[in-house]
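Asks: give me coordinates for this.
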Amino acid sequence: MPAATATPVAVIGMACRLPGGIDSPQRLWEALLRGDDLVGEIPADRWDADLYYDPEPGVPGRSVTRWGAFLDDVGGFDCDFFGMTEREATAVDPQHRLLLETSWDAIEHAGLDPASLAGSQTGVFVGLTHGDYELLSADCGAAEGPYGFTGTSNSFASGRVAYTLGLHGPAVTVDTACSSGLMAVHQACGSLGGGESDLTLAGGVVVTLEPRKSVSGSLQGMLSPTGRCHAFDVNADGFVSGEGCVMLLLKRLDDARRDGDRILAVLRGTAANQDGRTVNIAAPSETAQVAVYRKALQAADIDATTVGLVEAHGTGTPVGDPIEYSSLAAVYGTDGPCVLGSVKTNFGHLQSASGPLGMMKAILALQHGVVPRNLHFTRLPDEMARINTELFVPQENTQWPSNGHHPRRAAVSSYGMSGTNVHAILEEAPAPEAAGSAAPEAVGPLLFPLSSTSAEQLRVTAARLAAWLDEQAGDALAGPTGWGLRDLGYTLTRRRAHRPVRTVVSASGFAELRTELRAVADGDIPYQPAVGQGDRGPVWVFSGQGSQWSQMGAELLDKEPVFAATIAAVEPLIAAESGFSVTRALSAPPAVTGIDKVQPTIFAMQVALAETMKSYGVRPGAVIGHSLGECAAAVVAGGLSLGDGVKVICRRSRLMARIAGRGAMASVELPGQQVLSELSIRGISGVALSVVASPTSTVVGGGAEAIRELVAAWQQQDVMAREVAVDVASHSPQVESILDELVEVLAELEPTAPEVPYYSATL
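Replies: Numbering: from 1, shown residues only. Next comes the predicted model:
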């Protein structure tokens, strides 16, 4: 990314899998505020630590440490959810599986349906260094199986995410050792800035499954014999390894603001460089570090004195810490206090995931205006303490230092042992644009859809949502300024993927919602799960005349903002064509009369209902219209613009009003062929078969007297028949007198190819 032309990038989603069961940004923040130390002894299911541990440094085949921060479960994976067989999933590196899970979560955290990204220019940039699973697969002969190559090769870590989600942007796996994850973020920002991608997933992952690299690191003197990262502390004696996966979802800032995305923070600029020749290939360079800071600040067009937090590489090594501290002091904390943090004191060194984890911590700190304390810190070594700087290590949770009137800003560093340095400049999210007046809360029951891949997982989903609502009680739920019931319903409906096994609960308040969710979780499901195969969507049928009633739109106008907005849009169009208020016709008594008013009113009702259903996430797989309903169906399908649809319905109904009073129509529960036979047998002329509504339901039209006689005769035979509330015999020879003029008044229409399959019901 060119230094002077960095494109501001919004972070719109985050996800993680970290030790201690931390699987969300909220849980990470809570752990940081508590000062949780997630380092423990090596679990027995990884390897026997006793066989490899020796407190004496330099013993061949042994390590001075028996500690690390490990994930609770690296084997659990829902292969059905991600479309894998169990055999393939078993062969796939757990790191790849974690990337799939966190990619999905990051997209949903942004309020997007992962399925909606299929075919998009979304890039995937992943930092990954370790290949323990490949070694284990080779040891047991699994590498020779059908998934031996695709399951463990690093290129498939990013490629599998793109494949699973159907993404068409670049998919790149980066290995620059410990800086791999932040390098992935740097490359993702460049892809966005260059227009190569419109959205990017960026992050890193590390899982440690066998001891050989630990033994090697111990022999190099990098690992802590005390099992803790004492970053920038006098007791620094090396790092301890950690595990985890962090993924961020990134988007150009202008695009995120345009699309109304929730912005978590802004990446103002990033930079990367190389140490070049140093004492040895693993030794850091202070000169290179200073250069990369300044390059990132230049790209961001940010003054270093406005940065209040540096989330440092901070591994806690006696060699690396003094060099990093000195390089940071040359740039930051020169004119006001600046906090120096290291999340490695909580989680150990996540290596290829360490940069994204540090960035996630910095984003949370920017959001909350608080910097969590560093663990395992007592005082600076003398050589660092002598440096004149206002950098300081927080020993308690610290309010954000005020460095003037500007947004909160943070810097994040990550250095690779192979010499690649990456630095990023973050800024707090811009204030959201003022929203319009909020809709009234909880005016009636709302629907809350739930879905998963199985009935069992559906119950788990319900239980998790109920538990989450319990955690929120007394916070957003209690006050009018927080999110409300409608927001939750909207998110579940529009901003979540809908899996094949589905159910729905109805509630008017949070207490009722929690009760209903627990009923689902306990197996007492009010509506049994429905299994949907495929996503073609429902067929929407638009009715004809006779379906109207007095004030049929009044409640929807009052309670459904999208319905009201659609009617507001169509109101002036109908008024200009037909000279009446469709809003009044839908909401005020008495019932609207006259075909030239009834038909435009039904049309407006149908189009507004369709837009309302779309606002709740429902999309038609196809549309079909019955009689005048074909007009609204054409608009909803995209075959006619709203303006052209109004012209059709208003001009057609105005012409039909000329012949009003001359005819009638009736619906009869008989097959069309039988109706034709009866008309012939009875010798009735002037009556036509107008609509075949179903295999056993038919509509006839013609002269009013003949229609009434037919209805009476059928009723005497106990055949269900009734007159339709119209005074024009539509779809009959009676309308032929207006056809030529209708063609003339509709000549200016500009129909287009429908975006949704449109089926004409015209005979």
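Asks: relative to Thr7, how far out is Met247?
Replies: 20 Å (Cβ to Cβ, to the nearest Å). Any C-beta I mention is one placed from the backbone N, CA and C, and that applies to glycine too.
Asks: of these two, who's got more company?
Replies: A direct count of neighbours by other Cβ atoms under 10 Å for Met247 and Thr7 places Met247 higher, at 34 against 19.
Asks: for my notes, confirm that one occurs in a strand.
Replies: Yes. Using DSSP: H, G, I helix; E, B strand; the rest coil, the assignment for Met247 is a strand.
Asks: and the gap between it and Ala184?
Replies: Following Cβ to Cβ, the distance that separates Met247 from Ala184 is 10 Å.
Asks: give me the common contacts of those two.
Replies: 202-203, 356 (Cβ atoms under 8 Å, 6 or more residues apart in numbering).
Asks: which among those gets closest to Asp727?
Replies: Ala202 (65.8 Å; Cβ to Cβ).
Asks: next SSE after the host helix or strand of Thr491?
Replies: Element membership of Thr491, judged by DSSP states H and E, is helix 485-494. Going down the chain from helix 485-494, the next helix or strand is strand 501-507, by DSSP H and E.
Asks: give me the sheet partners of that following strand and which way each runs.
Replies: Strand 501-507 sits in its sheet next to strand 446-452 (antiparallel), strand 530-531 (antiparallel), going by DSSP bridges.
Asks: contacts only, for the residue lying closest to His406 once chain neighbours are set aside.
Replies: The shortest distance from His406 to any non-neighbouring residue, by Cβ to Cβ, 6 or more residues apart in numbering, is to Thr306 (5.0 Å). Shown in contact with Thr306 (Cβ under 8 Å, 6+ apart): 403-404, 406, 409.
Asks: what does Ala188 give?
Replies: Here Ala188 is in contact with 9, 123, 125, 197, 200-202, 250 (Cβ under 8 Å, 6+ apart).
Asks: which SS state does it fall under?
Replies: Under three-state DSSP, Ala188 comes out as helix.
Asks: pLDDT weak spots in the stretch 351-500 of the chain?
Replies: 434-443, 473-482 (pLDDT under 70).
Asks: and the strands in it, which stretches?
Replies: 370-371, 391-392, 398-399, 409-415, 420-428, 446-452 (DSSP state E, counting those that start in this stretch).
Asks: with mean neighbour count and distance to Thr491 added, can I get those in CSV?
Replies: Listed next are these as CSV, based on neighbours: other Cβ atoms under 10 Å; distance: least, Cβ to Cβ, whole Å:
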stretch, mean neighbour count, distance to Thr491
strand 370-371, 22, 26
strand 391-392, 18, 40
strand 398-399, 16, 31
strand 409-415, 28, 28
strand 420-428, 27, 23
strand 446-452, 19, 10
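Asks: any idea how this protein splits into domains?
Replies: For the chain, automatic domain parsing gives the domain ranges 3-428, 446-531.
Asks: deepest of these, which one?
Replies: domain 3-428 (a mean of 21; mean count of other Cβ atoms under 10 Å).
Asks: for Gly314, give its distance to Arg496.
Replies: On the measure of Cβ to Cβ, Gly314 and Arg496 end up 37 Å apart.
Asks: pLDDT score assigned to the residue lying farthest from the centre of the chain?
Replies: In the chain, Gly683 marks the outermost C-alpha relative to the chain mean, sitting 64.7 Å out by Cα atoms, centre = their mean. Listed pLDDT for Gly683 reads 86.
Asks: how would you label Val635: helix, strand or coil?
Replies: helix.
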